[in-house]
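> pasted the sequence and its predicted model underneath.
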Amino acid sequence: MFRRVPVFLGCTEVGCPPAGGPRDKNNRYKRYCLVTVANNDHHNTRKEVIHLTLEQYHELAFRTAREKEPGDRALMVAALGLAGESGEFAEIVKKHLFHDHPLDRNKAIKEVGDVLWYVSQACTALGVSLEEVGQMNIDKLRKRYPEGFTPERSIHRSI
């Protein structure tokens with residue numbers, strides 16, 4: 001039995017890159033870590049660290065997509081899927097914060113993964129890579145918050 005757990009702040013496994021991972025010549029992160037846990041039996045758990053780039057994720061996600069070509073249908077599927085999965089994630093957070101439910105972290109992570117899958121499909125529909133979208137977003141944020149986020153800068157932003 002395998003399950004993948006995203007490690008967003010860097011992996012703690014021996015031999016993994018520091019938080020965020022290595023950067024390329026344009027100062028972009030090359031990869032992030034996923035930890036695959038394999039339960040061989042009830043007493044033995046083995047961890048294997050897999051390094052997966054956004055491009056590799058996009059390729060793997062694409063294999064499970066129905067819409068394989070950019071266009072309006074693919075865009076509609078991605079947009080509606082994003083809305084639905086984001087809503088499911090929001091529902092988990094709402095129940096935790098306002099209904100006093102314990103946070104089901106694993107379920108929340110799975111919903112975030114579903115959101116990522118639909119973001120990947122949106123990229124396919126728009127004919128752009130996940131890496132390009134990520135870089136464009138970082139470039140926009142660097143212009144908007146050159147010294148990092150501050151509430152003052154957020155209120156009086158021009159970008």
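Here it is on my side, so go on.
> by contact count, what packs against the helix ranked longest in the chain?
Ranked by residue count, the top helix of the chain under DSSP state H comes out as helix 72-98. Helix 72-98 sits against helix 105-126, with contacts defined as 3 or more Cβ pairs under 8 Å, 6 or more residues apart in numbering; DSSP states H and E. From N, CA and C alone the C-beta is placed, and that goes for glycine too.
> where does this protein have its least confident helix or strand?
strand 2-7 (a mean of 41; mean pLDDT, DSSP states H and E).
> buried sites along the longest helix of the chain?
The neighbour-count check on helix 72-98 (16 or more other Cβ atoms under 10 Å) flags 74-75, 77-78, 81-82, 85, 88-89, 92 as buried.
> same check on stretch 133-153?
Buried positions in stretch 133-153, judged by neighbour count with 16+ other Cβ under 10 Å: 133, 135.
> average pLDDT across that stretch?
Stretch 133-153 shows a mean pLDDT of 90.
> cool, and stretch 73-84?
For stretch 73-84, the per-residue pLDDT averages 95.
> dump it to PDB, restricted to CA.
Only the C-alpha atoms of stretch 73-84 are listed here, as PDB (Å, rounded to 0.1, in the frame of the first residue of the first chain):
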ATOM      1  CA  ARG A  73     -14.200  22.000 -23.100                       C
ATOM      2  CA  ALA A  74     -10.900  21.400 -21.200                       C
ATOM      3  CA  LEU A  75     -11.100  24.900 -19.800                       C
ATOM      4  CA  MET A  76     -14.600  24.300 -18.600                       C
ATOM      5  CA  VAL A  77     -13.700  21.000 -16.900                       C
ATOM      6  CA  ALA A  78     -10.700  22.600 -15.200                       C
ATOM      7  CA  ALA A  79     -12.700  25.600 -14.000                       C
ATOM      8  CA  LEU A  80     -15.600  23.600 -12.600                       C
ATOM      9  CA  GLY A  81     -13.300  21.000 -11.100                       C
ATOM     10  CA  LEU A  82     -11.300  23.800  -9.400                       C
ATOM     11  CA  ALA A  83     -14.400  25.300  -8.000                       C
ATOM     12  CA  GLY A  84     -15.700  22.000  -6.700                       C
END
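> name the residues that touch it?
Identification of contacts with stretch 73-84 by Cβ atoms under 8 Å, 6 or more residues apart in numbering yields 66-68, 114-115, 117-119, 121-122, 124-126.
> low-confidence ranges in the chain?
Counting by pLDDT under 70, the chain shows low-confidence ranges at 1-50, 159.
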